[in-house]
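> here you go, sequence then predicted model.
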Amino acid sequence: MTTLVAARGLKKRFGDMTAVDDVSLSVSRGEVVGFLGPNGAGKSTTMKMITGFLEPDTGTAEVGGHDVWRDPAAAKAKLGYLPEGAPAYGDMPVADFLSFVGKMRGLRKAELTNRLAEMAERVRLTEVWSRPIEALSKGYRRRVGIAQALIHDPDVLILDEPTDGLDPNQKHEMRNLIREIAPNKSIIVSTHILEEVEAVCSRAVIIASGKIVADATPRDLVGSKDDGRAIQIRIGSPEEASVIEKIKPLAEGAELEVMERMNGSTRVLLRYNDKPEDTHAIETRLKSADLPVEDVGIYRPRLEDVFRDVTTRIH
Ligand SMILES: Nc1ncnc2c1ncn2[C@@H]1O[C@H](COP(=O)(O)OP(=O)(O)OP(=O)(O)O)[C@@H](O)[C@H]1O
């Protein structure tokens, strides 16, 4: 498989703070990588170094086989970038803006006309083609952002929060579009939305405190935490301390952990060293102790749980 993005040992400090600490990342053609991490983890700084907007202290980045610092023009020709927020030049009509970006990207005459037509159709912009960007809804503005990143048909696409602020229908369309264009490109999508990663990404890379802490398919990430040795209990009470106190003596041999509190319920995890005991037995015991049990079952982790687990450990 062709490697289209190759970052090696990227490091960036701001004053005393190490924002990105020895990050290496390779992305092959056809891969869609979800780049995840808590706020301040180093996602944007890493993406800026890969796109050539920020020089690393150490390390290198190649796009389409070209070093982004030694051969920036060749690297940038292979790259489309959707930054956060709306495209600039709000008073320009969509057609003029995309034509301008296309020309800047070196497209001429027939090729430019063809690419503009393809963008209008593929990114579904026909309806707003002659309208000024500032008069568009957020969803359409985001699509214009995608179209400007795609106009020169780059091999590599870097998308910063592409569905941020879109309504559920627009999110769905954006994900379809990413899936549609994915087979011939390498795509890195930074997002906080984990369901988006499960929907469109073939790989999830999680960064925390500047270091990569997980890199696998979403399914493998979840699978790695699924040893079938934990039981999940939902209790219809938000009082987590008293819930834990009451469960403790009824769940011998288990380590207790509060997973979340939501809508007046507390989700508690019972982790066992071996095969857990029967869920019905536990349920009966909890009910006889007058605990408002809503649900008891074998714990099947979600990507969200894995994310929390790998990003909250002390590094
Ligand atoms: N130009 C800068 N000067 C000083 N510190 C910076 C600069 N850019 C980023 N940082 C710091 O580097 C760290 C990583 O920031 P970065 O923006 O890469 O995180 P992020 O993962 O993209 O976060 P978010 O999800 O909030 O966008 C943060 O602590 C941030 O405050």
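Done, it's in. Because the structure is predicted, anything quoted here is derived from the model rather than measured.

> need the contact list for Glu294.
Neighbour list for Glu294: Arg234, Ile235, Gly236, Ser265 [criterion: Cβ atoms under 8 Å, 6 or more residues apart in numbering]. C-beta: built from backbone N, CA, C; applies to glycine.

> how about the residues of the stretch 1-150 of the chain near the ligand?
For the stretch 1-150 of the chain, the residues in contact with the ligand (Cβ under 6 Å from any ligand atom) are Phe14, Ala19, Gly37, Asn39, Gly40, Ala41, Gly42, Lys43, Ser44, Thr45.

> inside helices: which ones of those?
Lys43, Ser44, Thr45 (DSSP state H).

> considering the residues you listed, which possesses the most neighbours?
Neighbour count (other Cβ atoms under 10 Å) singles out Lys43 as the most crowded of those, with 23 neighbours.

> what's the spacing between that one and Met92?
Distance, Lys43 to Met92, using Cβ to Cβ, to the nearest Å: 29 Å.

> for Ala199, same thing?
Distance check for Ala199 against Met92: by Cβ to Cβ, it reads 32 Å.

> Pro301 contacts Asp226, correct?
Yes - with the criterion set as Cβ atoms under 8 Å, Pro301 and Asp226 qualify as a contacting pair; they are 5.5 Å apart.

> tell me which of the two has more neighbours.
Between Pro301 and Asp226, counting by other Cβ under 10 Å, Pro301 is the more crowded of the two (20 against 15).

> which residue packs closest to the more buried one, ignoring adjacent ones?
Once its chain neighbours are removed from consideration, Pro301 has its nearest residue in Lys225; the separation is 4.3 Å (Cβ to Cβ, 6 or more residues apart in numbering).

> helix or strand for Val213, which one?
strand 211-216 (DSSP states H and E).

> avg pLDDT for the helix or strand following that strand?
Beyond strand 211-216 on the C-terminal side, the first helix or strand identified by DSSP H and E is helix 218-224. Taken as a whole, helix 218-224 carries a mean pLDDT of 88.

> quick check on Trp69: phi, psi?
Torsion angles at Trp69 (phi, psi; degrees, to the nearest 10) stand at phi -100, psi -40.

> roughly how far does the closest residue to Ile133 other than its chain neighbours sit from Phe97?
Taking Cβ to Cβ, 6+ apart, and ignoring the residues beside it in sequence, Ile133 has Gly90 as its nearest neighbour in space, at 5.0 Å. Gly90 sits 9 Å away from Phe97, going by Cβ to Cβ.

> which neighbours do those two have in common?
For the pair Gly90 and Phe97, residues contacting each of them under the criterion Cβ under 8 Å, 6+ apart are Ile133.
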